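> Build me a model from this:
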Amino acid sequence: MPLTSLVADAFGAVTLALVILFTAVGLFCIAYVLYFRSQIPSDSDNDSGSGSGSCYQLQYFNAPWIIRITLIVYAILWSLGEIFRLSLLKKEGWLLHPLTRRWQRNVCRVYLLSNLGLMEPGLILTVIFLVRGSLYPEMSRIKRWNRRVITFVLILCVPVFVAQLFFLVISSSFEFPKGYNEKKEGYGARIPKYFTRAFQESRGEVYCTYPLFCTIVYGVFVCLCITYFLYVAMRMISLVINKGLQRRVYWLIFAVGLLPLRILFLGFSLLSTPGRPVFESLVFLGFLALIACATVGVGVLVYLPVSDSLSVKGICRSRQNNRRHEQSHMIPMESFSRTLSGFVSDNDDDASIAATQSLLEGAMTTSVGRDSDSSTKVGSISFRTMLKDVSSEPVEDVNLFVETGRMMASPPGSPPLPGKPMISFAERNL
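Residues are numbered from 1 along each chain as shown. Here you go, the predicted model:
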């Protein structure tokens, strides 16, 4: 096997592996976003009271979930489109080998039109809208905000797509009315061929190239997007006081800064012959620049926000469980009275019941000081946390029931209680 073909196949194999890995990560992130959405209480749950108020506020973080999925879809479709330019797939036994040369040329045109005209512009614009939505949070609260963002992205992609469509399809149909002729490339050889050539045949194979006109259109669009993105990113850095969030913004700036490198690599690839190691290296570097940008964008704008929100939801759920556990230990006073009054005979008067209730109130008040060390721990449950005014003086621990005696204990030195004493059923039957 010649060295040039070996290098091209090696770059193609690495590209194919990276695309498969990136697609798997993207599908995982989509599932992660959908899982987070399923964990957020809906409006009906909040109205019925089944969802806590603090957890319900997490719907704000879930607002751009469709845009996050759209970003991943753009990135995955772009990476899958990169497969069709590989000369490795045109080898015998691979996907594109059965296609004729005419269809292989059309594949190159479709690849350039979809990636440079739709997927890459859509990916960049979606990143910008997500960052801008973080800067203006009130925008994401507007109903149908996701639909509007998707519509705006598609509208802004139209000029780039139309320009690529003109250079790749419309002009070539007028340039080659009777079929492709390499000698007439460049509008009848009026301009250099690399301005309009979307493919080149070498050693019996069809290689996809990047016309200079298409690269210029794409470059102008990227420069405009980078300028606006830097404006939004600088405003975010000036407003964010969290160093962790600032690092994320810097990572996004670094990722978007790789886009001009991709344009340069694609532009310089025209100076080499397709299939040669230099050409394959430049195209592969351009691919690495954009896949690194897409990976950082998906990680910072999709995975990390969802992960942070799930962590907050875990804390919210933990507090909610602690609150329920605390409420389960707060037995109402009336239930105490009803429980204790069951031990009193029907012939006893109301004074004994009142005495029992007053004794219970005194016991609960004095039981505040019990287990004072454990009440200072996080998550401990004590009567101290349920009272507004707690005396700082030491109080005596009084149990509600005496396990070894038959009578309820009274604090030492306390005056006799009014009413009849409360006795047990066993003592009453004696």
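> going forward, measure contacts between C-alpha atoms and count neighbours the same way
Will do.
> So residue 129 versus residue 24, what's the distance?
24 Å (C-alpha to C-alpha, to the nearest Å).
> which one of the two has more residues nearby?
More crowded of residue 129 and residue 24, by other C-alpha atoms under 10 Å: residue 129, with 19 against 13.
> who's in contact with the more buried one?
Listed by C-alpha atoms under 8 Å, 6 or more residues apart in numbering, the contact partners of residue 129 are residue 149.
> how about a cut-off of 10 Å?
By C-alpha atoms under 10 Å, 6 or more residues apart in numbering, the contact set of residue 129 is 64, 67, 135, 149, 150, 152, 153, 229, 232.
> Repeat that for residue 298.
The contact partners of residue 298, by C-alpha under 10 Å, 6+ apart, come to 25, 26, 29, 68, 69, 71, 72, 75, 127, 252, 292, 304.
> So for the third one, what's the nearest residue that isn't a sequence neighbour?
What it means is residue 29. Leaving aside its chain neighbours, residue 29 sits nearest to residue 303 (6.4 Å; criterion: C-alpha to C-alpha, 6 or more residues apart in numbering).
> In terms of helix, strand or coil, where does residue 79 fall?
helix (DSSP: H, G, I helix; E, B strand; the rest coil).
> Is it in contact with residue 15, as I believe?
Yes: Residue 79 lies in contact with residue 15 (C-alpha atoms under 10 Å); the separation is 9.2 Å.
> Overlap in contacts, those two.
Contacts common to residue 79 and residue 15, judged by C-alpha under 10 Å, 6+ apart, are residue 287.
> The longest helix along the chain - contacts with which helices or strands?
The longest helix of the chain (DSSP state H) is helix 3-39. Helix 3-39 sits against helix 65-83, helix 277-298, helix 304-329, with contacts defined as 3 or more C-alpha pairs under 10 Å, 6 or more residues apart in numbering; DSSP states H and E.
> Mean pLDDT lowest where, among these?
Sorting the helices and strands packed on helix 3-39 by mean pLDDT places helix 304-329 lowest, at a mean of 69.
> one step back: tell me the pLDDT at the residue nearest to residue 29?
So residue 303 comes in at 94 (pLDDT).
> What's the local residue count around residue 274?
Applying other C-alpha under 10 Å, we find 24 residues neighbouring residue 274.
> which among the contacts of residue 298 gets closest to residue 4?
For those, the closest approach to residue 4 (C-alpha to C-alpha) belongs to residue 292, at 26.1 Å.
> leaving aside the residues next to it on the chain, what's closest to the closest one?
Take residue 292 and drop its neighbours on the chain: the residue closest to it by C-alpha to C-alpha, 6+ apart is residue 255, 6.8 Å away.
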